[in-house]
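Engineer: The sequence isn't on hand, but the structure is:
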């Protein structure tokens, strides 16, 4: 059974940092972090496949996605947080490399809330 378990969310003031974790039950071809704020569409924040990473423009230079293969855990280090980063953050993963290229993910975590106040 595929499981993705996120942790590390919380409430903090603007300018602070958080490190989200996603413990995965399997080894996937690609993984990503998405977020969804109330009333807004879900957006992909960061993506990792082997040594390749990509980021949403609004988080470039502030967020870093990484993966510890020994622990099979995905991370999202978030620095200089802004109120507009407030959202539920989801870990997503995919086995199929073609789906990775299409930004299509079959496996999702339950989400962890990040709330940034000004």
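Structural biologist: Arrived safely. The structure presented is a predicted model; accordingly, all values stated were derived computationally and were not measured.
Engineer: buried stuff in the lowest-mean-pLDDT helix or strand in the chain?
Structural biologist: For the chain, the helix or strand with the lowest mean confidence is helix 97-101, at a mean of 94 (criterion: mean pLDDT, DSSP states H and E). Along helix 97-101, these residues count as buried under the neighbour rule (16 or more other C-beta atoms under 10 Å): residue 100. (Glycine included, C-beta is placed from N, CA and C.)
Engineer: Pull the distance from it to the chain's centre.
Structural biologist: With C-alpha atoms, centre = their mean, to the nearest Å as the basis, helix 97-101 stands 17 Å off its chain's centre.
Engineer: Spell out which residues sit in contact with residue 29, please.
Structural biologist: Residue 29 sits next to 49, 94-97, 100 when contact means C-beta atoms under 8 Å, 6 or more residues apart in numbering.
Engineer: Using a markdown table, lay out those together with distance to residue 36.
Structural biologist: Shown next, in a markdown table, are the contacts of residue 29 (distance: C-beta to C-beta, whole Å):
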| residue | distance to residue 36 |
| --- | --- |
| 49 | 22 |
| 94 | 18 |
| 95 | 23 |
| 96 | 23 |
| 97 | 25 |
| 100 | 20 |
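Engineer: of those, closest to residue 26?
Structural biologist: residue 95 (7.5 Å; C-beta to C-beta).
Engineer: Does that closest one touch residue 24 like I think?
Structural biologist: No: Residue 95 lies out of contact with residue 24 (C-beta atoms under 8 Å); the separation is 11.2 Å.
Engineer: Those two: who's more crowded?
Structural biologist: Counted by other C-beta atoms under 10 Å, residue 95 and residue 24 do not tie: residue 24 has more neighbours, with 20 against 15.
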